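K.L.:
next come a sequence and a model predicted from it.
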Amino acid sequence: MADETSQALSGLYVGAQATTNGLGFNLNYIAGKRLTLKTGVESLKYNFHFPYEESDINYDATFQYKTGGIFLLADYFYAKSLYLSGGVLMNNFQPKFEGEAASDMAYGDITIPASKVGDFHFEVEPSLKFSPYIAAGFRTFFGKTKMVSWNFETGLYYMGPPKLNIQTTGLLAPTSDPAHGHQQYLENQFSVYKYYPVVKFALGIRLF
Amino acid sequence: MPLAFVYFNLKKMTVMNTKKFHMLTKPLLTLAMFFALAGCSDYLDNPLKDRETGEDINLLVIDFNFFHTRISVKLADARSGELITVPATVKFTGNNGTDIVTFSGDKRTQITTEEGQIEVTVDPNVAISSGSPFQFAVHVEADGYMPLSKGFQFQTEGKKTIELKLVKISDGEETEMGGDQDSGSDDSWTVIGKNTAGLKSALAEEKPYQVTYHFTTNEILKFIDSSGQFLFTSESELKAAYEASPSDFFRLTISKTTGYDPETDVVNIGGSPVSVLFQKLETGRLTRLEIGGKEVADLNGGVIVLRCSYTGSPAPDLFGFAVFGEQAWDITGTETVYNQLNFNYTVVKASTAPLCATGSNITFRASVISSFSIDADVYDMEDNLLTTLHFKGSFPETFAVENTPQQAVKIVFRDNNPAFQPISALEIPDFCTGNYDVDVAATSGYQEYQIVLKAFCPDNPTIAVAPTYSGEFKITDSANPWQGVDMAGGVVDLLGLPNQEYQLRLLWENEWEYSTLVTEFDENGNYLHPSGSKIHSERMDDGRIRIRISHNFSQNVCDDMGW
C-alpha cells in the first residue's frame, strides 16, 4: 500500500523555497519511496546603509549581504516523511562591507579632507566555490491528490575557511598592504566560520 | 568526518528494516547533531578576540599618509657635525609658520627638544608649488649655542631635511680691538680691527671686509660707569685723558664668529622674500667697552655706530649688516646704530641672481631594493661651497632640486652611509635644468631586508599605526652614524649586515621609539630571536627576508595622538 502511495506521488515538482541562503525556485524529482533529486537556484541580497564611526572618523558605510547559489541535492528518505539530504551548492556567498569617509576628519588642530581619509572595502568569499551540503528534513503533501509538497529541512553548507578581500585607500591603506599580512591575519581569525547554516522551507507543485 | 558519518549511516539504513531503523535513527541523529554542533562550537567564540591571546584583535592598520610634506629638522654642532644634545627651542615664523604641525596634527610654532632633532609636517590643506611656495623661518635657541635663524621657501611637496649648523658660544673668537681718534678730526673716534699689544686675540687673518666702530665726543660724554658716574664730565676731560694715553684709547672686546658656510637663505629684496645664495660673514657681540681705561657700564642714551665695508673683489651684490625678520633677512646697509651695550650684529653677503624655483632632476638608482638617505654638498666649479642637499627616499627615486643657482655645479656626495659604496661626484653644467642619474652600489656583504612595522597603543590593540615617517637605523652600539630611512605605510626596505643586532628608531615629539632586531634567520627565513616585541619574519617571493615588528608605543605617544 505504501509503495503504491509512493508511486502515486512520484513525479516532477516545481516550486519555490525560502532559506537562510536566499529565496529561489526548485525542481524536484521524486524517484521513489527513498529518493528525491532536487535542483534549484536561490539568492539573497540585502543592502544596509548606515553611518559608521571608527577612530573618530565618520564613514558612510554599506553592508551588502549577498548569498545564494545553484544546488543539486539528493534526499534519502529513511522514513515516510523524514529524510537526510546531501549534495553540492555552487556557492555565491559574497558579503561586502564598504564605506568612504563621510566628512572631513578633525585631527589635532587641523582638518583632514575626506578625500584623503579614503575608503575601505571588505569582501568575504568562500574558499570552496562548490560547497558540500548535508541536512535533515521533513516532507509532507497536501491536497486531495497530494499535488502540493511542503519541505522543512535544516543543514549546513561547508564553505571552507572564508577568504577575505580587502581594499583600502587613504589613511587605511596599510590595512590592505600585503606586506602587513593583515588579510591573512583576519582570515585566520575568522577561519572557524567554515559552515553556512541552512534552514529551508520549500513548496512544490507536481507537474506530472 | 561528517561525510563519512553520513555515508556510514545511509549504508546501514538500506539494510535495516523500518523498525530496527527507528531504533537507531534517534541516537544516530542525536550523534550527527552533536558532531555538527561540535564543528560549529567555535562559532560561539568572539571573532573579535584574538584566537591566541584572547585580546581584542587588530582590525585596522592606519597611516599618516595624508601628510605630503614631512620635515626633519636637525640641529647639528657646526664644528663636529653631530646632533646637539642640549635643550633647544625651535620656533617657526613666517607666512606659513603656523601651517607647520606635529604628526599629532597640533599646530606648534615652538617645540622644545633635547634630541637635536624634530620631526614635523605640514598641514595637508596647504598646497605647495613654485607659484605658491611654502615660506617660513626657523629660529633656534640652544643652551651654549649662538641663536640661529634661517628662512626657507619650499617649492614642492615631499620629504625635506633641514640641517641647521649651530655655533657654540665657546667656539666664538674673543677678539679685542683697539682704536684712537680719527686723523684730522677732533670729534670723531674710530675703532678698527687692528692688532694691539697685550690683547688676548688679534685680527691677524685677512678678511675681505672690515667692521669698524665709531664714536663721537658728544656720545662718549653720555656713557656712564658701573657706579653710575659719567666716564668723562666734559670734552676737555676727555681730550686730556686721550692726550695722556692716546694709544689704544678705546679697547673693545668682541665675541665673534666667522667661517660660516654659504647656503641658500631668504632675503627681502624690494620688499619681497627671495631665495638667494647667502653667506653670513661674521656674527659678533660686544661684550666689553673700555675708554681711556674706564669700563663703560651703560651707554646712557649715547650710541655706537658700526660700519662695515667690503674690501675684497669682486664685491657681492648685497653686503652689509642684516637682521632676521619674520621669515627673511633684511640687509639694512653698511651702517647701523646701537644704543645698548652687549649688542649683536651680523654681517652678510648675498647674491641677487635669482634662483630657479626647481632645478635639475636627480634620480638615484641602485640594483638593490632599499631606502636611502644621502647627503651632498654643492660646489661651484671653483670649489666654493654653495649649499647642502639631503635626499631621502627609496631606489629609484627622482628629486627635483629646489632653489638652484643657474650655473655649473659639482655635487659631492658624502661618504657617511656604510651600506653604500662611495658615490662619484656629479657635475651639472646648468643646475637649473637637466635630468641626471646617480648610480649607487651596495657595500659588499650587505643584504636586502624589508622591515614592516606596526605600532600599537597599550590600551587600543584594535588600531595599529603603520606610519609614513622618517626613521633611523644602525647596528646597536656601533660607531656608525644613524642611517636615515624612509618608511612608507610602515614598510621600509633597507640594507643590513647579516647576524647583527640592529636598532630602528622613530622620533616622536621629543622621544625616540626604539625597536631592536637581529638579522639572523633560519634557512626558511624564520626569525631566530623570539622577543617580547613580537618579531616575526618570512622569506619573500623575491628571496628577501621580511621582518614584521609589532611595537608598543609608549603611552605618551598615544596620549599625543588622543588614543
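P.N.:
Ah, there it is.
K.L.:
next, name the residue at the spatial heart of chain B.
P.N.:
Centroid-nearest residue in chain B, with CA atoms, centre = their mean: B:V73, separated by 2.1 Å.
K.L.:
got the residues of the stretch 51-200 of chain B near chain A?
P.N.:
Counting by CB under 8 Å from any CB of the partner chain, the stretch 51-200 of chain B comes close to chain A at B:51, B:57-66, B:101-102, B:104-107, B:123-125. C-beta here means a position set from N, CA and C on the backbone, and glycine is covered the same way.
K.L.:
what about the residue nearest to the centre of chain B, which SS state?
P.N.:
strand (DSSP: H, G, I helix; E, B strand; the rest coil).
K.L.:
check what pLDDT the closest residue to A:P162 other than its chain neighbours gets.
P.N.:
Once flanking residues are discounted, A:P162 sits nearest to A:V124: 4.9 Å by CB to CB, 6 or more residues apart in numbering or on different chains. If you check A:V124, the pLDDT there is 93.
K.L.:
who is A:V124 paired with across the strands?
P.N.:
Note on A:V124: beta-bridge partners by DSSP bridges are A:L164.
K.L.:
that one and A:T20, how far apart?
P.N.:
16 Å (CB to CB, to the nearest Å).
K.L.:
kindly report the same for B:P47.
P.N.:
19 Å.
K.L.:
again, but for B:I535
P.N.:
In terms of CB to CB, B:I535 sits 43 Å off from A:T20.
K.L.:
neighbour count: these two, which is higher?
P.N.:
B:I535 (19 against 14; other CB atoms under 10 Å in any protein chain shown).
K.L.:
next up, the contacts around the closest residue to chain A within chain B.
P.N.:
Residue nearest to chain A within chain B (CB to the nearest CB): B:G105, separated by 2.4 Å. B:G105 sits next to A:Y107, A:G108, A:D109, A:I110, A:I112 when contact means CB atoms under 8 Å, 6 or more residues apart in numbering or on different chains.
K.L.:
apart from its chain neighbours, what residue comes closest to the second one?
P.N.:
Spatial nearest neighbour of A:G108, chain neighbours left out: B:G105 (2.4 Å); criterion: CB to CB, 6+ apart.
K.L.:
do the same with the third one
P.N.:
For A:D109, the nearest residue in space outside its immediate sequence neighbours is B:K107; the separation is 4.3 Å by CB to CB, 6+ apart.
K.L.:
that neighbour and B:V101 touch, don't they?
P.N.:
Yes. The pair B:K107 and B:V101 qualifies as a contact (CB atoms under 8 Å) at a distance of 5.3 Å.
K.L.:
what residues are shared contacts of the two?
P.N.:
A:G108, A:D109, A:I110, B:D123.
K.L.:
just the pLDDT for B:F103.
P.N.:
89.
K.L.:
same deal with B:F67?
P.N.:
92.
K.L.:
verify the assumption that it is located in a strand.
P.N.:
No. B:F67: not assigned to a strand; according to three-state DSSP it is coil.
K.L.:
which outside residues touch stretch B:278-290?
P.N.:
So stretch B:278-290 is contacted by B:146, B:167, B:172, B:174, B:207, B:209, B:211, B:250-258, B:260-265, B:267, B:295-296, B:304, B:322, B:329, B:338, B:341-351 (CB under 8 Å, 6+ apart).
K.L.:
report the buried residues of that stretch.
P.N.:
Using 16 or more other CB atoms under 10 Å in any protein chain shown as the burial criterion, the residues of stretch B:278-290 that qualify are B:F278, B:Q279, B:K280, B:L281, B:E282, B:T283, B:G284, B:R285, B:L286, B:T287, B:L289, B:E290.
K.L.:
just stretch B:91-110 next, same as before
P.N.:
Those would be B:92-94, B:96-105, B:108-109, for stretch B:91-110 by 16+ other CB under 10 Å.
K.L.:
if any of the shared contacts of B:K107 and B:V101 are buried, put those into a ChimeraX selection.
P.N.:
Buried residues among the shared contacts of B:K107 and B:V101 (16+ other CB under 10 Å), as a ChimeraX selection:
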select /A:108,110 /B:123
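K.L.:
now, which of the shared contacts of B:K107 and B:V101 lie within strands?
P.N.:
A:I110 (DSSP state E).
K.L.:
as JSON lines, the shared contacts of B:K107 and B:V101 with pLDDT would be great.
P.N.:
What follows is the shared contacts of B:K107 and B:V101, written out as JSON lines (pLDDT from 0 to 100):
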{"residue": "A:G108", "pLDDT": "88"}
{"residue": "A:D109", "pLDDT": "92"}
{"residue": "A:I110", "pLDDT": "92"}
{"residue": "B:D123", "pLDDT": "94"}
